[in-house]
Every structure is written in C-alpha cells, then in structure tokens.
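Student: here is a sequence together with a model predicted from it:
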Amino acid sequence: MTIHPLPMSLRRNGLFPLSSICLIAAPLASAPRAVADAPPRDWVAYAAPAPEDAAYLRALAADTWRCIAHFVEPATGLPYDNSHRGEFTSVTNIGYYVASCAVAAELKLVDHDEAVRRAQRVLDAYSRFRTWNGFSQSWNSVKTLQPSPSDTMISVLDSGNMVAGFVVAGQLLPEVQPAVQRILEKMDWNAFVDDPAERLIGGYDMKAGRLDSAWRIGDYAGDGRMAAFWAIACGAAQPQSWDRLNRETEDHYGLTILRPAWLGGGLFMQTQDGIFLDERGTPAGRSAADFAYAQMIYAHSLGLPAWGWSACNAPDGRYLGWGGLEVDVVTPHAAGMAAQFYPAKAVACLRALEKLGARPNWTEGDQPLALGFVDGVNLRTRKVADVYLPPLDQAMMFLAIANVLDDGVVQRAFQSHPTVRRGRQLIPEYAAPIDRAWLAELQRRDRAPLPAAATRQSSGPKRVVIADFTAPRTTDVPVSTWTRDAADTTASVRSEWIAGAEPISFMRFKYDVDSPHSAYGGVTFDGRGADLSGCDVLRLKARGDVRQTKLEIHVAGGSGARKIDVASPQAWTTLEIPLVDFGGMITDWTGLQRIVLVFEDGGTVPKVGQLDIAEVVLAARGQ
C-alpha cells in the first residue's frame with residue numbers, strides 16, 4: 001500500500017481525531033484496476049441496455065472520444081474550450097478531459113500508454129499555472145499557460161469539477177496518480193470557508209485580490225455540489241454545511257424536481273456531479289431522473305421530435321446558459337447524460353436528433369471526421385450548431401455513456417479514492433443503500449410509453465395587472481430593485497417614478513453592470529400569488545435602448561426565462577410574449593411568485609442604460 005499525506009485542508013482544520021489524520025491509504029501504484037474496491041454501500045450494477053442500444057452507444061462513445069481527443073493544443077496538450085480553438089480553456093474542461101483520457105483507455109478506445117501520455121502532459125501543464133492557495137483561475141491560456149486577463153476569478157465550482165476529473169484519472173491510470181496527489185495536496189479548501197458549518201464561498205478574484213463573499217455555493221441541485229462534497233470530504237467544511245444547501249422544489253407532471261431546474265441551465269446542472277458520485281436513489285439523483293423524464297413528457301405534449309434542455313451553444317451562435325434556455329433549442333449531451341437513468345429513451349432521442357442532422361461529419365481540409373453530435377439543435381428551424389464543446393458537453397456525455405456501458409466505471413473509480421470514501425461516510429444519503437424499487441421504476445419508465453400530459457386548466461381571470469405605473473401612485477408599489485452584491489458600489493440598479501413631465505406616468509430604471517467584478521442586478525415585481533391560469537401572454541409596455549436582457553417568471557409550479565429586446569429609446573412599445581415561450585415545463589400557472597427583469601454583465605446590452613416601464617400585464621390573447 002502506498003501512503004499519502006492528508007490534503008492540507010484536513011490537516012489544518014482539525015475536524016478528525018489525530019489518529020485518523022496521519023495517513024491516507026491509496027491504491028497500489030501498480031494496481032491497474034483500483035475501481036475493484038467496494039464503495040461504502042453495496043454496489044448495484046447498472047442494468048444492461050438492449051443490445052441494439054448498447055451498440056449505438058458504443059459507436060457514439062467512439063465518435064465522441066475522437067472529438068475530445070482531436071481538439072487539443074499541440075504545444076501543451078491542453079484541451080480547447082470548443083472546436084473554434086480559442087486561446088482560453090477552463091479548469092472544468094481540463095479535469096473532464098483528463099478523466100475522458102482514462103475512461104477511453106478503459107473502453108479500449110485508446111491505448112493505455114497513450115492515455116497516460118495525454119493525461120500526464122495536461123497535469124504537467126497545469127502544475128505551471130499561477131495559483132492562490134493551490135487553486136488556479138478558472139480560465140487560462142492553452143498556449144502560454146497564463147491566466148485570462150478578462151475573467152480573473154478562481155471558482156470553487158470549477159475547481160470541484162477539476163478535482164473530480166483528476167481523481168478519476170489518478171485512480172484509473174496509476175502512472176499519473178503521484179501528479180494528481182501533488183495537485184490535490186496543494187489545494188487548501190479552508191481558503192473558501194469562513195464558517196465550517198455554512199456554505200462555501202464561491203470564488204476569489206485574483207485581480208482584485210479578494211474573496212467574493214457575496215457568492216456562495218447555494219443550490220443542492222446545482223453544479224456546485226461536487227465542490228461542497230469535496231470540502232466536506234477533505235475536512236475543510238463540516239457535514240452540517242451540506243444541509244445548508246437550498247432544496248426548494250417544484251412539481252411537473254406529478255414529479256418533484258429540485259430547483260433551479262430549467263431556470264438554472266437545465267439538465268446538466270442536476271446530472272453533472274452524478275457522473276462521478278453514484279447518486280442513484282439520493283435526493284439529487286431522484287430529482288435528476290425525474291427532471292429528465294419530465295422533459296420527455298413536456299416534449300411529447302408539445303409534439304416535438306426530441307428533448308434535452310440544457311445549457312448549450314444554439315445554432316445562431318448564442319450560448320444559452322442560466323436563465324437562457326429556449327423551448328426550440330435542445331442539446332444532445334442532455335440525452336446522453338440521461339442515459340444513466342433511461343438508456344432506451346435516451347438512444348431514441350439521440351437517433352431523432354441524428355435524423356435532424358445533429359451528427360454530421362466534421363471536415364478539416366478534405367478529411368471528414370466522425371466526431372459525434374454538435375452542441376445544439378433548433379427543433380423549429382431544423383438548424384444545428386456548427387460547434388462542438390469537446391471537453392465539457394461532449395465529455396459529460398462520454399463519461400455518462402461509459403457508466404452505462406461499463407457498469408459505472410467513472411463512479412467506481414472516483415469512489416475508490418480514500419477522500420471520496422470519507423465524504424460518502426460523512427454524508428448519510430451517500431452511505432444509505434440504494435432503493436432497488438426506485439431502480440425498478442426507472443426501468444419501467446424506460447420501457448413504457450410516455451404518459452399523457454395533463455390538460456392545462458384555464459379557470460383564472462383573463463387579465464391580471466402586475467404593475468400599472470400610469471395610474472395615480474399609491475404607497476403600495478409592487479416593485480423592488482436589487483444587485484448581486486450590495487457592497488459593490490461599481491454596480492447599481494435604481495428606480496424613479498416619473499409623473500407629470502410626460503403624457504403618462506411611468507417608472508424609470510437606471511442600471512449599471514459595467515463593473516470590474518462579476519455583476520448583475522434587476523427589478524422584481526411581486527406576483528402576490530396571482531392566478532395566471534386564464535392568461536396566455538405577458539405584455540410589457542416599455543421604452544429604452546436595451547437591446548438584450550432577460551425576463552424571468554416564477555410561479556409555484558416552476559420558473560422560466562426569456563431574452564427580450566426593447567430597442568425603442570423614444571417611442572413606447574408593447575412587447576407581447578407568449579407564456580409558453582418562457583419554457584420551464586410549467587403546467588400550473590396559479591400562484592405567481594414574481595416577475596424579474598435581470599441586467600447582467602455577461603448578457604445585457606448595453607451594460608449601462610435605462611429602461612422605462614409603464615405597465616406589466618398578463619392576459620388572454622385578445623384581452
């Protein structure tokens with residue numbers, strides 16, 4: 001047995017008795033299959049897909065690995081962020097790429113020695129990154145290894161993703177395990193903990209030289225779960241911090257799904273960490289499976305040929321991330337990740353997307369390459385994106401498919417690491433036995449036809465006024481402004497009621513999100529529990545020069561968002577947005593919680609401006 005010292009955070013924080021913090025036992029460097037070790041709870045084998053589905057997934061895995069391996073910077077071995085070969089890549093990309101190298105060797109898609117060579121080059125390059133407490137900026141140059149001058153944040157979210165990928169590589173490729181261990185030991189997770197029983201601080205701004213304490217890893221079903229888990233596993237945070245994560249839910253088609261769901265970037269948010277941690281039967285895993293199934297029902301109810309709503313590059317070049325999903329645009333990687341729960345229905349969806357042209361050959365020079373699926377498909381226009389995201393979306397799909405084909409190979413590798421074992425023992429939901437009845441229900445769903453979606457009830461009023469600033473003002477104004485960080489004086493959203501100077505009264509909102517820090521803010525209209533079941537559209541009477549920003553709607557039954565343009569600086573215009581365009585799989589439109597207008601540094605154009613609003617009304621068409 002090879003002995004490694006504990007990670008720095010566990011040595012410093014003193015959360016374990018001295019007898020347990022002297023040594024970590026790691027698998028023998030000469031043992032090629034560390035994944036044979038049993039995890040804390042009994043392993044339940046994955047159900048084998050039907051032979052024709054398994055063959056399809058194996059061929060897709062081969063094409064997807066070819067894509068991941070192809071888009072690599074020759075000078076350093078680092079993966080490009082996308083097939084356009086830009087200069088900067090993220091540490092999430094780096095971690096998932098290294099894991100993919102190791103798993104490709106397990107699937108016999110690449111020679112073991114070649115996988116080691118690729119992984120070691122990346123680890124060597126990463127060891128030359130500039131760091132703070134062992135953490136590097138999220139984005140770094142694939143050529144010079146220098147940090148990005150524009151995005152200067154260290155993200156614990158991205159760092160957690162990177163750790164997961166490095167651990168898998170170290171467990172499956174013993175030759176690179178020492179390099180992985182050196183990186184892990186240098187990462188002091190205490191740096192992002194101000195109270196071990198509370199949620200992690202989300203990041204550190206290298207340029208400003210300060211922690212971003214306004215940013216916390218907040219959602220249990222978000223993409224920061226791995227970071228929260230690792231901080232507990234290595235001793236920087238206490239298990240109580242896990243219970244502080246937000247577990248709000250919403251219901252769709254009789255299924256209970258954890259938020260942020262659709263609004264938070266879709267399916268990848270809930271399934272990403274379950275590629276590494278066996279979450280079958282945990283609250284996170286149940287929600288991810290139910291979310292995927294709800295997406296299938298939603299697509300069926302709209303008569304769409306495929307499903308798979310998750311953050312991706314749309315065919316028109318826009319990146320659809322948090323609050324940006326659109327009903328028309330789906331991504332193949334979502335179906336690939338959902339194959340861990342529903343292999344048959346995932347393959348059926350992927351076949352449908354292939355028929356729409358989402359799996360073209362990639363041509364460089366005169367050589368066509370089969371590289372799997374592009375990143376996005378518009379189901380209405382039938383256009384497909386011209387870009388791959390090899391070390392992120394392609395890698396997540398590849399690793400998830402590998403779990404299906406090779407009985408949880410990624411999960412078994414990750415969970416064989418001693419620090420991960422400790423984390424699973426400290427967090428009860430990971431130590432509990434898997435509910436076999438729930439696994440049987442997943443298999444039933446995978447085989448059975450989809451249920452019919454319930455018919456939307458339209459019993460509510462045909463017109464609901466949320467805000468009418470043209471009327472005489474009262475003290476009961478249902479609107480408030482906010483910013484991400486109230487202490488950041490470089491960003492602001494302010495309101496002013498304008499009356500008497502023009503033919504109508506209105507509310508003026510001045511915003512500034514052109515900040516050296518991560519900045520966003522907005523305007524919240526109180527929904528007051530209004531029943532929108534009789535309404536079909538949202539009408540916003542406004543003027544301004546806001547050419548792109550985001551409007552969210554939140555009801556008890558879910559949340560959705562839509563990008564809006566108000567390119568009318570002088571004349572009043574009325575935007576009419578069908579409620580169905582907000583997406584969110586919302587079927588119950590009773591109980592309006594709030595409508596939120598969001599200005600953000602990464603999406604609003606321009607970053608400094610003003611927007612005048614006279615009315616916010618929801619109504620039936622023609623009312």
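Tutor: Structure's in. What do you need? All of these numbers come straight from a predicted model, not from anything done at the bench.

Student: I'd say residue 485 and residue 517 touch.
Tutor: Yes: here residue 485 reaches residue 517: they are 7.3 Å apart, a contact under C-beta atoms under 8 Å. C-beta: built from backbone N, CA, C; applies to glycine.

Student: joint contacts of those two?
Tutor: The overlap between the contact sets of residue 485 and residue 517 (C-beta atoms under 8 Å, 6 or more residues apart in numbering) consists of 212, 491.

Student: which residue packs closest to residue 250, ignoring adjacent ones?
Tutor: Nearest-residue entry for residue 250: residue 558, 4.6 Å, with adjacent residues in sequence omitted and distances by C-beta to C-beta, 6 or more residues apart in numbering.

Student: what segments of the stretch 301-450 of the chain are strands?
Tutor: Taking DSSP state E, counting those that start in this stretch to define them, one finds strands in the stretch 301-450 of the chain at 312-313, 319-320, 329-330, 361-364, 367-370, 377-378.

Student: need phi/psi at residue 266.
Tutor: Note on residue 266: its backbone torsions stand at phi 90, psi -150 [degrees, to the nearest 10].

Student: hang on, isn't it packed against residue 309?
Tutor: Yes: the pair formed by residue 266 and residue 309 meets the contact definition of C-beta under 8 Å, at 4.5 Å.

Student: what touches both of these two?
Tutor: Contact with both residue 266 and residue 309 is made by residues 325, 334, according to C-beta under 8 Å, 6+ apart.

Student: for stretch 614-623, list every residue counted as buried.
Tutor: Within stretch 614-623, the residues that qualify as buried by neighbour count (16 or more other C-beta atoms under 10 Å) are 614, 615, 616, 617, 618, 619.

Student: how long is it end to end?
Tutor: Stretch 614-623 stretches 18 Å from its first residue to its last (C-alpha to C-alpha, to the nearest Å).

Student: ok, now which ones touch residue 142?
Tutor: Contacts of residue 142 by C-beta under 8 Å, 6+ apart are 73, 76, 78, 79, 80, 87, 88, 89.

Student: nearest to residue 435 among these?
Tutor: Nearest to residue 435 out of the contacts of residue 142 is residue 79 (C-beta to C-beta; 37.0 Å).

Student: isn't the closest one up against residue 68?
Tutor: Yes: checked against C-beta under 8 Å, the pair residue 79 and residue 68 is within contact range at 7.3 Å.

Student: any shared contact partners between those two?
Tutor: Common contacts of residue 79 and residue 68 (C-beta under 8 Å, 6+ apart): 97, 390, 391.

Student: export those residues to CSV and append columns for pLDDT, distance to residue 116 and neighbour count.
Tutor: Shown next, in CSV, are the shared contacts of residue 79 and residue 68 (pLDDT from 0 to 100; distance: C-beta to C-beta, whole Å; neighbours: other C-beta atoms under 10 Å):
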residue, pLDDT, distance to residue 116, neighbour count
97, 98, 14, 28
390, 98, 20, 30
391, 98, 18, 30
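
Student: between those, which sits nearest residue 169?
Tutor: residue 97 (9.3 Å).

Student: which residue ranges make up the domains of this protein?
Tutor: What the record gives for the chain is the domain set 2-447, 463-619, from automatic domain parsing.

Student: for the residue lying closest to residue 408 once chain neighbours are set aside, give me the pLDDT.
Tutor: Taking C-beta to C-beta, 6+ apart, and ignoring the residues beside it in sequence, residue 408 has residue 46 as its nearest neighbour in space, at 5.7 Å. Per-residue confidence at residue 46 stands at 95 (pLDDT).

Student: and if you look at residue 497?
Tutor: Note for residue 497: predicted pLDDT of 90.

Student: next one: residue 502
Tutor: We note a pLDDT of 87 for residue 502 in this prediction.

Student: helix, strand or coil for the residue nearest to residue 408?
Tutor: With DSSP: H, G, I helix; E, B strand; the rest coil as the basis, the three-state label of residue 46 is coil.

Student: show me the contacts for it.
Tutor: Residue 46 makes contact with 340, 403, 404, 407, 408 under the criterion C-beta under 8 Å, 6+ apart.

Student: which of the residues you listed has the most neighbours?
Tutor: Neighbour counts for those, by other C-beta atoms under 10 Å, peak at residue 340, which reaches 29 neighbours.

Student: is it true that it touches residue 272?
Tutor: No: with contact taken as C-beta under 8 Å, residue 340 and residue 272 are classed as non-touching, separated by 11.4 Å.

Student: out of the shared contacts of residue 79 and residue 68, who's nearest residue 594?
Tutor: Ranking the shared contacts of residue 79 and residue 68 by separation from residue 594, with C-beta to C-beta as the measure, puts residue 391 on top at 36.7 Å.

Student: can I assume the closest one is in contact with residue 68?
Tutor: Yes: here residue 391 reaches residue 68: they are 6.3 Å apart, a contact under C-beta under 8 Å.

Student: where do the contact lists of these two overlap?
Tutor: With the criterion set as C-beta under 8 Å, 6+ apart, the overlap between the contacts of residue 391 and residue 68 is 79, 97, 100.

Student: can you get me a residue count around the first one?
Tutor: In other words, residue 79. Count around residue 79 with other C-beta under 10 Å applied: 28.

Student: secondary structure element for the residue located most distally from the centre of the chain?
Tutor: Of all residues in the chain, the one whose C-alpha sits farthest from the chain's mean C-alpha position, using C-alpha atoms, centre = their mean, is residue 500 at 46.9 Å. Here residue 500, judged by DSSP states H and E, is contained in no helix and no strand.

Student: quick one: the strands in the stretch 101-250 of the chain, in order.
Tutor: Along the stretch 101-250 of the chain, counting by DSSP E, counting those that start in this stretch, strands occupy 131-132, 135-136, 139-141, 153-155, 203-205, 210-211, 249-252.

Student: format those strands as JSON lines; extra columns: distance to residue 277, mean pLDDT and mean neighbour count.
Tutor: Converted to JSON lines, the strands of the stretch 101-250 of the chain look like this (distance: least, C-beta to C-beta, whole Å; pLDDT from 0 to 100; neighbours: other C-beta atoms under 10 Å):
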{"stretch": "strand 131-132", "distance to residue 277": "26", "mean pLDDT": "98", "mean neighbour count": "15"}
{"stretch": "strand 135-136", "distance to residue 277": "21", "mean pLDDT": "98", "mean neighbour count": "24"}
{"stretch": "strand 139-141", "distance to residue 277": "25", "mean pLDDT": "98", "mean neighbour count": "22"}
{"stretch": "strand 153-155", "distance to residue 277": "19", "mean pLDDT": "97", "mean neighbour count": "25"}
{"stretch": "strand 203-205", "distance to residue 277": "22", "mean pLDDT": "96", "mean neighbour count": "23"}
{"stretch": "strand 210-211", "distance to residue 277": "27", "mean pLDDT": "94", "mean neighbour count": "14"}
{"stretch": "strand 249-252", "distance to residue 277": "20", "mean pLDDT": "94", "mean neighbour count": "19"}
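
Student: quick one: which of these is nearest residue 575?
Tutor: Comparing the strands of the stretch 101-250 of the chain against residue 575 with C-beta to C-beta, the closest turns out to be strand 249-252 (25.7 Å).

Student: what residues sit buried inside the helix or strand following that closest one?
Tutor: Beyond strand 249-252 in the direction of the C-terminus, DSSP H and E gives the next helix or strand as strand 255-258. With burial defined by 16+ other C-beta under 10 Å, the residues of strand 255-258 counted as buried are 255, 257, 258.

Student: same question, stretch 270-289
Tutor: 270-282, 284-289.
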